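1. Let's see this in three dimensions:
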Amino acid sequence: QVQLVESGGGLVQAGGSLRLACAASGHTFSNYLMGWFRQAPGKEREFVAAISWNGGTTYYADSAKGRFTISRDNAKNTVFLQVNSLKPEDTAVYYCAAVRSLGTVLPIREYEYDYWGQGTQVTVSS
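-> Got it, this is the predicted structure:
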């Protein structure tokens, strides 16, 4: 059973930074492509970033480009999302997701991922 546990969220002022982490267990982490999504209050969950099994390919939503960085440490079974220059509109629950894939075409839709964490809250104050 694949388990994903997010951490690192919190309350931060606009312009601040956070480093979100997602610890994976129950599977061979390096066989899985990982993604980050977020859901703001009253809105649908949206794609943020994705990374290939070996970290060689990444893809970002336009809202994340230049401010967010996705990375992974396969030795530690963990994927990270560094979020910088935070804005109040970045306030959301951030979720990590996984799908078994060794490809480099990175999915951006929820249904393309098989496993999800419970999320970590990020709140940005103005």
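2. Who does Asp73 form a beta bridge with?
-> In this entry, Asp73 is beta-bridged to Thr78, by DSSP bridges.
3. contacts for the helix or strand where Tyr95 lies?
-> Here Tyr95, judged by DSSP states H and E, is contained in strand 92-100. Residues from elsewhere that reach strand 92-100 (C-beta atoms under 8 Å, 6 or more residues apart in numbering): 2, 4, 6, 9, 20, 22, 24, 27, 31-41, 43, 45, 48, 79, 81, 107, 110, 112-122. Any C-beta I mention is one placed from the backbone N, CA and C, and that applies to glycine too.
4. Now which of the residues you listed would you call buried?
-> The neighbour-count test (16 or more other C-beta atoms under 10 Å) marks 2, 4, 6, 9, 20, 22, 24, 27, 32-38, 45, 48, 79, 81, 107, 112-113, 115-117, 119-120, 122 as buried among these.
5. can you give me the strands for the protein?
-> 3-7, 10-13, 18-25, 32-39, 46-51, 58-60, 68-73, 78-83, 92-100, 115-116, 120-125 (DSSP state E).
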